[in-house]
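Engineer: let me see the structure of the following:
(chains A and B, ligands or ions: 3)
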Amino acid sequence: MSEVKFVSPETLEQAVDEYSKSSKEGKTKILAGGTDLLVQIRSGASQPDTIIDIKNIKELKEISNYNGSYTIGAAVAGAVLDEEKDFGNNWPGVLEALRLIGSEQIQGRASLGGNLCNASPAGDSVPALIASGATVNVKGPEGERNMPIESFHAGPGKTNLKNGEIVVNFQFPKKQKHSGDAYIRMIPRTEMDIAVVGCAVNVTIENDKCVDARVALGAVAPTALLVEDASKALIGSNFEKDAVEKAALACEAACNPIDDKRGTVSYRKKVSKVLFKRALEKAIERAKRG
Amino acid sequence: MAKIQVKTKINGEETEFLCQPYDTVLDVLRRDLNMTGTKEVCSTGDCGACSITLDGRLVCSCLVLAAETEDKDIETIEGMAKNGKFNVLQKTFLEHAALQCGICTPGMLVAAKSLLEKNKNPTETEIRYWLAGNLCRCTGYDKIVKAVQAAAEEIRENA
Ligand SMILES: Cc1cc2nc3c(=O)[nH]c(=O)nc-3n(C[C@H](O)[C@H](O)[C@H](O)COP(=O)(O)OP(=O)(O)OC[C@H]3O[C@@H](n4cnc5c(N)ncnc54)[C@H](O)[C@@H]3O)c2cc1C
Ligand code: FES
Ligand code: FES
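Structural biologist: Ligands and ions are numbered 1, 2, ... in the order given. Next up is the predicted model:
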């Protein structure tokens, strides 16, 4: 093995500099919580010759709330965000999705940035982030840019990050009055497993009418999906049976899943409809409360 | 290959070690520091046998690089008994026969301690969820849950 370098820069500029320089010469990996990366190193799937630990960079560990709009650092661990009670009141669906990742031990490390950048089609926080309408701020050698979560991924394990780009933080919209989000996944066990299907719903209600809706699915296609047809079916409705059924069918139609030991194509499609309805119910209940 | 020099605190004691970039905290504890109380079973974050706390947070030491721990505070099972006296969890685990082969036990104890520091009165469900990342092939978990409940009770009584 050639010389492996481990660096832990204290500023974003240093990290971007190092990342863009070293990834031209060899295999460089960003290290957040390491709950994906260390498993990949151990199995031999990833053998980086430079490791950049981003957990000493202030912006990536910060949680802030400006006028009701949250900014969450990419490397903030699940257990840390969980202690930020007000965030959970605003975005219970995002928090429950992040908190579903692994055990309490994994939660001590696993981050939203890592879950997003690892780009597993089954990453639990991703559908919830999409449904929330959050965007991601990215910094690279050419400066900063902002992307909607739904256009972040290029395929399984692949992102649209350019050479040297690091995810800095997640920008959440101000939570609307009488809105609520929820995430539900289907796994063969009750804990510690990978989603067969995941569904996130975020709705806003005014005078019993749905005025805004975002629906997202995970684990049913090469990347997590924003199901725009499901949103269209819901907006303007009173969540009457026909509208909900139409939205559920839109979810089913959006699925382009794989067949594997966790679920067949037809099973995943069917489950996507069921999970959508359950997540919708939960989101409506939360929206009515707040 | 050039080694990385790390200075960190383990169970309250300043410790210095040299490690390779891919070495985990678990590797260094067991191989170099002769602290074999922390167990290695899966090495992939699934079993919890390697549980430690890092700056007070429960983590799997098999998923933390040793090089990351510069200036950190690590607590392992070796730091649990104080002055030759068992921690209350160690005592209740024995009283409730919450261990058989013992491989999962250090991890269970470290994880349970971290739960009780956060929540002095956990329900059975809360205990089971908190320990979901600690696998035990012997006990069937029931006795472990009872031992944690007993320890919580003792801690509350003595508070
Ligand atoms: C036992 C166990 C159970 C798990 N269960 C689940 C589960 O139920 N659901 C689920 O979705 N996942 C699960 N995971 C996977 C993993 O925990 C999550 O994907 C987690 O969110 C990864 O975050 P991290 O901070 O540890 O990422 P890391 O491992 O540090 O990084 C993951 C990848 O993203 C890159 N990266 C990280 N941060 C950035 C950044 N800011 N900018 C650019 N690139 C970056 C890294 O280079 C790496 O390629 C599990 C893992 C384990 C070990
Ligand atoms: S050895 Fe670390 S979780 Fe199993
Ligand atoms: S006592 Fe043997 S694994 Fe738990």
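Engineer: check which helix or strand the closest residue to B:A152 other than its chain neighbours maps to.
Structural biologist: Here the nearest residue to B:A152 in space, its sequence neighbours aside, is B:L116; by C-beta to C-beta, 6 or more residues apart in numbering or on different chains that works out to 5.7 Å. Using the backbone N, CA and C atoms, a C-beta is placed for each residue, glycine as well. Element membership for B:L116, per DSSP states H and E: helix B:105-118.
Engineer: please parse chain B into its domains.
Structural biologist: B:4-79, B:88-158 (automatic domain parsing).
Engineer: residue contacts, B:E126?
Structural biologist: By C-beta atoms under 8 Å, 6 or more residues apart in numbering or on different chains, the contact list for B:E126 reads B:L115, B:N119.
Engineer: confirm that it sits in a helix.
Structural biologist: Yes. Under DSSP: H, G, I helix; E, B strand; the rest coil, B:E126 falls within a helix.
Engineer: what's the per-residue pLDDT of it here?
Structural biologist: B:E126 carries a pLDDT value of 98.
Engineer: one more: B:G56?
Structural biologist: Taking B:G56 on its own, its pLDDT is 97.
Engineer: now do the same contact list for the closest residue in space to it that isn't next to it in sequence.
Structural biologist: Of all residues not flanking B:G56 in the chain, B:D73 sits nearest, at 7.0 Å (C-beta to C-beta, 6+ apart). Residues near B:D73 by C-beta under 8 Å, 6+ apart: B:T8, B:K9, B:T53, B:L54, B:D55, B:G56.
Engineer: pull the number of nearby residues for the first one.
Structural biologist: This means B:T8. For B:T8, the count of nearby residues is 20 (other C-beta atoms under 10 Å in any protein chain shown).
Engineer: helix or strand: which one has it?
Structural biologist: Going by DSSP H and E, B:T8 is in strand B:4-10.
Engineer: can you tell me if that strand touches chain A.
Structural biologist: Yes. Judged by C-beta under 8 Å from any C-beta of the partner chain, strand B:4-10 comes into contact with chain A at B:I4.
Engineer: counting by contacts, list what that strand packs against.
Structural biologist: strand B:13-19, strand B:73-75 (3 or more C-beta pairs under 8 Å, 6 or more residues apart in numbering or on different chains; DSSP states H and E).
Engineer: partner strands of it and their direction?
Structural biologist: When sheet partners are counted by DSSP bridges, strand B:4-10 sits next to strand B:13-19 (antiparallel), strand B:73-75 (parallel).
Engineer: mean neighbour count, these: which tops it?
Structural biologist: strand B:73-75 (a mean of 20; mean count of other C-beta atoms under 10 Å in any protein chain shown).
Engineer: how far does it sit from the chain's center?
Structural biologist: Computed by C-alpha atoms, centre = their mean, to the nearest Å, the separation of strand B:73-75 from the middle of its chain amounts to 10 Å.
Engineer: just how off-centre is the helix or strand that that strand is followed by within its chain?
Structural biologist: Going down the chain from strand B:73-75, the next helix or strand is helix B:88-95, by DSSP H and E. Relative to its chain's centre, helix B:88-95 lies at 15 Å (C-alpha atoms, centre = their mean).
Engineer: got it, and stretch A:255-269?
Structural biologist: Distance, stretch centre to chain centre, for stretch A:255-269: 21 Å (C-alpha atoms, centre = their mean).
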